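*Asks:* sequence unknown, structure follows:
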């Protein structure tokens, strides 16, 4: 019996060693498989971006996205003169200095520099944020160090006809201002300066667009759910807001946009009476300097749906 027990223990040690080796091989294989799958997802998303309808629709002014090889840049201070260079193989949790406008023209009059020069206020690149694809995370801090970008938004000034597409996943409602006291935290994704009211984004749990005579939306949006939002204004057809391709609200009139000093902010709302920061992930922002027809709008929404794996409604 003792001899049998010793043999049994010896055999068990060998067996365990073999099992451990097999497990290691399987884990390695699974890890490699996951890496290949993630690479496939990124490659597919990039191909969808390259072949999308966006760049073929006229009057494109701003196209920001987070998946492509040319999405972000940094300022190379060692070059003479200093110059912005593409960030290659950006790593997870890396702060982003410049978000590149993918509107390819020989001369960009507006929107070249979507920047945050302050290192403490730069959003973070997250490699898996919206349905497994990378996006920028804005932390929503209210101590003056909240993440945001600013850029030249004069291409929208004095316009009536516009179309804006946004892919985002908000993760918190935000904190209302206490000095001065204001009950509702605004978390606008795009917002002008203090002298104007142009903004698109959230007011509390409600989606909002201003101006265009649309203020409070007719539905509340849940946190931690990615969506495709389309904001459209037309001097003849009024103003509309779509969520995942479904019309949520419309008004019969539209109004002229004013950008004031020309600066637009991403994820930051600045007024003399309150300041608020957006909290969550932003994956894509597309702005057209016209009201897209139904076919054009649907084409862009279908591209965003396929890319971000967000199902369009009927």
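*Replies:* Alright, I've got the coordinates. Note that the structure is predicted; figures quoted are calculated from it, not measured.

*Asks:* from here on, contacts and neighbour counts on C-alpha atoms
*Replies:* Will do.

*Asks:* quick one: the helices in this protein?
*Replies:* All helices of the chain, identified by DSSP state H, fall at 2-50, 294-308.

*Asks:* mean confidence score for the first one?
*Replies:* When the per-residue pLDDT values of helix 2-50 are averaged, the result is 68.

*Asks:* over to stretch 300-314?
*Replies:* Mean pLDDT, stretch 300-314: 94.

*Asks:* pLDDT wise, what is the residue nearest to the spatial centre of the chain at?
*Replies:* The chain has residue 282 as the residue nearest its centroid, 1.9 Å off, counting by Cα atoms, centre = their mean. pLDDT, residue 282: 98.

*Asks:* leaving out the residues flanking it, which one is nearest to it?
*Replies:* Spatial nearest neighbour of residue 282, chain neighbours left out: residue 168 (4.4 Å); criterion: Cα to Cα, 6 or more residues apart in numbering.

*Asks:* and what of residue 55?
*Replies:* Nearest to residue 55 is residue 103, by Cα to Cα, 6+ apart, at 7.1 Å.

*Asks:* who's the residue nearest to the centre of the chain bridged to?
*Replies:* Beta-bridge partners of residue 282, counted by DSSP bridges, are residue 136, residue 168.

*Asks:* where in the stretch 151-300 of the chain is pLDDT low?
*Replies:* For the stretch 151-300 of the chain, applying pLDDT under 70 flags the ranges 176-183, 194-196, 211-220, 272.

*Asks:* could you chop the chain up by domain?
*Replies:* Using automatic domain parsing, the domain parsing of the chain gives 1-51, 57-308.

*Asks:* would you mind finding the most buried of the ones you listed?
*Replies:* domain 57-308 (a mean of 19; mean count of other Cα atoms under 10 Å).

*Asks:* state the distance from residue 294 to residue 170.
*Replies:* 27 Å (Cα to Cα, to the nearest Å).

*Asks:* same check on residue 52?
*Replies:* Using Cα to Cα, one gets 25 Å for the distance from residue 52 to residue 170.

*Asks:* what do you get for residue 96?
*Replies:* Per Cα to Cα, residue 96 is found 19 Å from residue 170.

*Asks:* so what's the residue nearest to residue 55 up against?
*Replies:* Residue 103 is in contact with 55, 60, 61, 62, 63, counting by Cα atoms under 8 Å, 6 or more residues apart in numbering.

*Asks:* how about 10 Å then?
*Replies:* By Cα atoms under 10 Å, 6 or more residues apart in numbering, residue 103 lies in contact with 54, 55, 59, 60, 61, 62, 63, 64, 111, 112, 286.

*Asks:* the fifth one contacts residue 152, correct?
*Replies:* Yep, that's residue 61 we're talking about. No: judged on Cα atoms under 10 Å, residue 61 makes no contact with residue 152 at a distance of 11.1 Å.

*Asks:* hmm, residue 313 is touching residue 227, no?
*Replies:* No: applying Cα under 10 Å, one finds residue 313 not in contact with residue 227, separated by 11.0 Å.

*Asks:* mind listing the shared neighbours of these two?
*Replies:* In contact with both residue 313 and residue 227: 243, 244, 245, using Cα under 10 Å, 6+ apart.

*Asks:* so which of those residues are in strands?
*Replies:* residue 243 (DSSP state E).

*Asks:* mind putting the shared contacts of residue 313 and residue 227 into CSV with distance to residue 126?
*Replies:* Shown next, in CSV, are the shared contacts of residue 313 and residue 227 (distance: Cα to Cα, whole Å):
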residue, distance to residue 126
243, 24
244, 23
245, 26
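
*Asks:* returning to what we had before: residue 308 is in contact with the residue nearest to the centre of the chain, correct?
*Replies:* No: the pair residue 282 and residue 308 fails to qualify as a contact (Cα under 10 Å) at a distance of 11.5 Å.

*Asks:* between these two, which contacts overlap?
*Replies:* 130, 134, 167, 226.

*Asks:* quickly check the residues you listed for the two that are furthest apart.
*Replies:* For the shared contacts of residue 282 and residue 308, the farthest-apart pair by Cα to Cα is 134 and 226; their separation is 12.6 Å.

*Asks:* what about the residue nearest to residue 55, distance to residue 59?
*Replies:* 10 Å.

*Asks:* quick check: phi and psi on the nearest residue to residue 121 once chain neighbours are set aside?
*Replies:* Sequence neighbours aside, residue 147 is the residue nearest to residue 121 in space, at 4.3 Å (criterion: Cα to Cα, 6+ apart). Main-chain torsions, residue 147, degrees, to the nearest 10: phi -70, psi 140.

*Asks:* got the contact list for residue 147?
*Replies:* The contact partners of residue 147, taken as Cα under 10 Å, 6+ apart, are 95, 116, 118-124, 137-141, 266-268, 277-279.

*Asks:* same thing with residue 132?
*Replies:* Residue 132 neighbours (Cα under 10 Å, 6+ apart): 38, 41, 42, 126, 308, 309.
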